[in-house]
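Structure, please.
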Amino acid sequence: MKNSYQPDLITKEACKWLLDGAVSGGYTGPDPGGRHDLTPLLSRETGKQQVSLSAGAIWFRQEQIVRTVLKRIAEEGIVVWAMKGFDLARSIYPFPGGRPMCDADLFIEEKNRQKIMRIFKKAGWLKGSPGDGVFTSGIVSEMKMYKHGVMAELHSHIFYFPATFPGKLPFDLFDNGRLLEPGLMGFAWHNALLLVIIHMLTNISIRPVWWVDICLLCSKVTDAGTWDMFLRNAFGTKLGPAIASTLLTASSELGAPVPEKIINFLQVKKYQREDILTSLKMGSRIPTLLNLKYLTGWKRISWGYALFWLVISRQQPLRKEKL
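Numbers count the residues shown, from 1 in each chain. Below you'll find the predicted structure:
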């Protein structure tokens, strides 16, 4: 399946079907086949019962394994915040298995970072990369945790390298949340939409399901009457024109209910570091170098030192061969 920035016909028809209420038999687009990103979502409409059952089972297993640590988090009187699929599958899709996901994305508040890490460890989860130091110091914003083949990603920022983020995250990010279950919250609709768009903008390839996420979240923001709050927070990110371009596509191509004035306002101002989105997509080394550029103080020194030793360590086997 080839991904592109523009949604394909299946995605367009799927969004139309969902915005019309996902009535059984209402999807009139092409059969997505077996490999399209929206095959699980459309499995009932296209008679793929086995796909529907399999997608539902995968979701249920992921949810149950993560739920054990959520219970411990709730017992500590704190919460984590569900992002992307782990929230949206249960919140805006007709059935959870219709929104495939590879892992559970969980956003954590800075003040709870250490406590949540300890809870995961006590619950039998194993840490992946990166190491504790770069995560707890805030140089990177993501820690991968594993248990029984399920991966949970702990995020403290929407950018993997927070220093490269050109603006500010919403000041109300942890306000007016939606309780999903004990220990787990969902962001207010306007912030959930903003985070999904920013995540999309940092990726080279666009998954069709991300367009569906945006389309359905636009509908939720409209119902909640919080487009003004979305606009204020989108301005704060300093990624306004890029966000406007995404919303324009969602509106014109998918029928997402986006007020025209929102797009017009966001298109107006450009920022010096807006081109960082392009730079982030230029290759595996570019984001790391950008991070080093924008880090300050001891973080820049420590990160530069770590990169230096990484290069040296990779060269050592070559030196031994020459000897």
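
quick one: contacts of stretch 184-192?
70, 73, 79-83, 87-88, 91, 107, 170, 172-173, 175-180, 195, 217, 220-221, 223-224, 226-227, 229-230, 233 (Cβ atoms under 8 Å, 6 or more residues apart in numbering). To be clear about C-beta, it is placed using only N, CA and C from the backbone, and glycine gets the same treatment.

That one: end-to-end distance?
14 Å (Cα to Cα, to the nearest Å).

Just the mean pLDDT for it, thanks.
For stretch 184-192, mean pLDDT rounds to 98.

And stretch 160-169, by the same measure?
The model assigns stretch 160-169 a mean pLDDT of 93.

Go through it and flag the buried ones.
160-167, 169 (16 or more other Cβ atoms under 10 Å).

what's next to it, contact-wise?
138-142, 156-159, 202, 236-239, 271-274, 276, 280, 287-288, 290-291, 294-296, 299.

Mark which of the contacts of stretch 184-192 are buried, thanks.
Looking at the contacts of stretch 184-192 with 16+ other Cβ under 10 Å, the buried ones turn out to be 70, 73, 79-83, 87-88, 91, 107, 170, 173, 177, 180, 195, 217, 220-221, 226-227, 229-230, 233.

So which residues of the stretch 51-200 of the chain form helices?
Counting by DSSP state H, counting those that start in this stretch, the stretch 51-200 of the chain has helices at residues 85-91, 113-122, 132-136, 189-201.

coming back round to it: just the ones of the contacts of stretch 160-169 in strands?
Glu142 (DSSP state E).

Spell out for me the ChimeraX command that would select the buried members of the contacts of stretch 160-169.
A single ChimeraX command selects the buried members of those (16+ other Cβ under 10 Å):
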select :138,139,140,141,142,156,157,158,159,202,237,238,239,274,276,280,287,288,290,291,294,295,299
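
sorry, back to before: rank the helices of the stretch 51-200 of the chain by pLDDT, which is bottom?
When I compare those, helix 132-136 is least confident, with a mean of 82.

Just the CA coordinates for it, please, in PDB.
Below are the C-alpha coordinates for helix 132-136, written out as PDB (Å, rounded to 0.1, in the frame of the first residue of the first chain):
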ATOM      1  CA  ASP A 132      16.800   6.500  31.500                       C
ATOM      2  CA  GLY A 133      19.200   9.400  31.400                       C
ATOM      3  CA  VAL A 134      18.200  11.000  28.100                       C
ATOM      4  CA  PHE A 135      14.500  10.400  28.900                       C
ATOM      5  CA  THR A 136      14.400  11.600  32.500                       C
END
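
Reformat the buried residues of stretch 160-169 as JSON lines; add distance to Ile263.
JSON lines is the format used below for the buried residues of stretch 160-169 (distance: Cβ to Cβ, whole Å):
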{"residue": "Tyr160", "distance to Ile263": "28"}
{"residue": "Phe161", "distance to Ile263": "28"}
{"residue": "Pro162", "distance to Ile263": "27"}
{"residue": "Ala163", "distance to Ile263": "29"}
{"residue": "Thr164", "distance to Ile263": "25"}
{"residue": "Phe165", "distance to Ile263": "22"}
{"residue": "Pro166", "distance to Ile263": "20"}
{"residue": "Gly167", "distance to Ile263": "18"}
{"residue": "Leu169", "distance to Ile263": "22"}
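
Restricted to strands, list the contacts of stretch 184-192.
Under the assignment DSSP E, these contribute 80-83, 107, 178-180 to strands.

for the stretch 1-150 of the chain, which spans come out with low pLDDT?
1-4, 129-131 (pLDDT under 70).

now with 80?
1-5, 129-133 (pLDDT under 80).

ok, back up a step: tell me which of the helices of the stretch 51-200 of the chain lies nearest to Glu63.
Relative to Glu63, the nearest member of the helices of the stretch 51-200 of the chain by Cβ to Cβ is helix 85-91, separated by 8.1 Å.
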